[in-house]
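In: Here you go, sequence then predicted model.
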Amino acid sequence: MSVRVVTVFGGTGFLGRRVVGHLRKHGFFVRIVSRHRDRSRELFGPDGSQFQSVEADIHDSQAIAEALAGAYGAVNAVSLYVERKGETFHSVHVQAAGRLAARAQQDQVERLVQVSGIGADATSPSLYIRKRGEGELSVRAAFPNAVIVRPAVMFGPNDAFLTTILALCHKLPVFPMFGRGLTRLQPVYVSDVAEAIAGVLAGPEKRAITFEYGGPRIYSYGDLLRAVVREAGLEVRLVPMPFAVWHALALVAQMLPNPPVTRNQIELMQLDNVASPDMPGFAELGISPRPLETTLREMLTTGGP
């Protein structure tokens, strides 16, 4: 049996690098696509018998075609959380994702996984959420049997979620919460999402399906912060701050080169981030998601699993 090639766009990102590792465990040859080949080599070493590093930009149609050549499957794990010069939510999540899907369909790639996010909605007033939803529609229009993956907020070593909360709790005696801390979250371990993606590609089904992946517990934002503070053994006072104040701060912060908070982040924190019980998820793949507290303890004691 010949080795099957899976091309992972965004293969050096927070989720992408884990997807690469789990695909290799499933016996796939992985073509790792990123804008900086050196970054790929830092993470995975020199090209070998199980993977190949490719430097390409997802906006470059020819580069996409070359990266997909001869591939059995593809994963689009490219994401954008802050719009920058030349890159917008529309250009990345809608246009580039659609072009990639169209090329995969043209080249008869058998499997395509598009990474989106819980809450993606093409009718949302939030630009980020709306473009995520439009991106799903763009991908499905071009590649009807695409698999859409919607993870909840992901955590893991060196993440932008738990790591940031811990760093702020260590520095600040008072922690300003988004609103009253009532937004519901279902944080999911990044490696569980990566294994689910690899499992989908390794499985026999080749139909259109949308998965939502959430962790084993639903928290309110306030309860999650209290759990982090408790596990870290810190004394931090959690203070509610109205969303109107956060939006005003973001308006000022957006003028900075690297804003500490963005309107996009605030909009996301005003919406529950919980997997729908009516959608397929980890159970269909036989995966028991890892509790946040387990990873948090490891991050506190050993720097992460």
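Out: That came through, no problem. All of these numbers come straight from a predicted model, not from anything done at the bench.
In: For the stretch 101-250 of the chain, which segments count as strands?
Out: 111-115, 147-151, 154-155, 174-178, 184-185, 188-189, 209-213, 219-220, 237-241 (DSSP state E, counting those that start in this stretch).
In: can you tell which of those is closest to Arg84?
Out: Arg84 lies closest to strand 111-115 among these, at 19.8 Å (Cβ to Cβ). From N, CA and C alone the C-beta is placed, and that goes for glycine too.
In: Show me what that closest one is packed against.
Out: strand 73-76, helix 97-106, helix 127-142, strand 147-151, helix 190-202 (3 or more Cβ pairs under 8 Å, 6 or more residues apart in numbering; DSSP states H and E).
In: For my notes, please list those in TSV and give mean neighbour count, distance to Thr7 and mean pLDDT for each entry.
Out: Output for the helices and strands packed on strand 111-115, formatted as TSV (neighbours: other Cβ atoms under 10 Å; distance: least, Cβ to Cβ, whole Å; pLDDT from 0 to 100):
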stretch	mean neighbour count	distance to Thr7	mean pLDDT
strand 73-76	28	5	98
helix 97-106	21	9	98
helix 127-142	21	15	97
strand 147-151	24	15	98
helix 190-202	23	11	97
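In: Quick one: these as TSV, columns for distance to Asp272 too.
Out: Shown next, in TSV, are the helices and strands packed on strand 111-115 (distance: least, Cβ to Cβ, whole Å):
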stretch	distance to Asp272
strand 73-76	25
helix 97-106	25
helix 127-142	12
strand 147-151	13
helix 190-202	19
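In: so which of these gets nearest Pro242?
Out: The minimum distance between Pro242 and those falls on helix 127-142, with 21.0 Å, by Cβ to Cβ.
In: where's Ile64 relative to Arg99, distance?
Out: Separation of Ile64 from Arg99 (Cβ to Cβ, to the nearest Å): 6 Å.
In: quick one: which of the helices and strands packed on strand 111-115 is nearest Phe44?
Out: helix 190-202 (14.2 Å).
In: Adding distance to Glu55, write the strands of the stretch 101-250 of the chain out as CSV.
Out: What follows is these, written out as CSV (distance: least, Cβ to Cβ, whole Å):
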stretch, distance to Glu55
strand 111-115, 21
strand 147-151, 25
strand 154-155, 25
strand 174-178, 38
strand 184-185, 36
strand 188-189, 29
strand 209-213, 30
strand 219-220, 40
strand 237-241, 43
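In: out of those strands, deepest packed?
Out: Ranked by mean neighbour count under mean count of other Cβ atoms under 10 Å, the strands of the stretch 101-250 of the chain are led by strand 188-189, which reaches a mean of 26.
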